[in-house]
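Q: show me how the following folds:
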Amino acid sequence: MNQNQLEELINKETKRLVGYIMPVLESMQADVNQKTSVKKMLYSFKNNICEMLINEMSNNETNKNK
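A: Purely as a prediction, here's the structure:
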């Protein structure tokens, strides 16, 4: 799996997760600030995972070439 495919997969899954969580927040009558905070946390988490996986793939590729 290359970097672009990995990023697309993670983006798709993050959007799906946001889609699951937003109705729950709405049913709990969360305000806009709370919803925005949760979205920011999820997208920060996504960015961190993406960066870690890309770094790991790069490290694995470097080790294979040694």
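Q: the longest helix seen in the chain packs against which elements?
A: Identified as the longest helix of the chain according to DSSP state H is helix 32-64. Counting contacts by 3 or more C-beta pairs under 8 Å, 6 or more residues apart in numbering; DSSP states H and E, helix 32-64 is packed against helix 3-27. Yep, even glycine has a C-beta here, placed from its N, CA and C like the rest.
Q: now the helix it packs on: how far from the chain's centre is it?
A: Counting by C-alpha atoms, centre = their mean, to the nearest Å, helix 3-27 is centred 7 Å from the centre of its parent chain.
Q: and that helix, what does it pack against?
A: Checking 3+ C-beta pairs under 8 Å, 6+ apart, helix 3-27 ends up next to helix 32-64.
Q: next, the angle helix 3-27 makes with the helix it packs on.
A: Here helix 32-64 points in a direction 160 degrees away from that of helix 3-27 (axes from the mean of the first three to the mean of the last three C-alpha atoms, to 10 degrees).
Q: how about helix 32-64: buried residues?
A: By 16 or more other C-beta atoms under 10 Å, the buried positions in helix 32-64 come out as 38, 46, 50, 53.
Q: how near is the third one to residue 34?
A: Residue 50 is 25 Å from residue 34, where distance means C-beta to C-beta, to the nearest Å.
Q: the residue sitting nearest the centre point of the chain: what's it in contact with?
A: Nearest to the mean C-alpha position of the chain, counting by C-alpha atoms, centre = their mean, stands residue 46 at 2.0 Å. Residue 46 makes contacts with 10, 11, 14, as judged by C-beta atoms under 8 Å, 6 or more residues apart in numbering.
Q: picking up where we left off before, ok now the longest helix of the chain, how far from the chain's centre?
A: Per C-alpha atoms, centre = their mean, the centroid offset for helix 32-64 relative to its chain is 5 Å.
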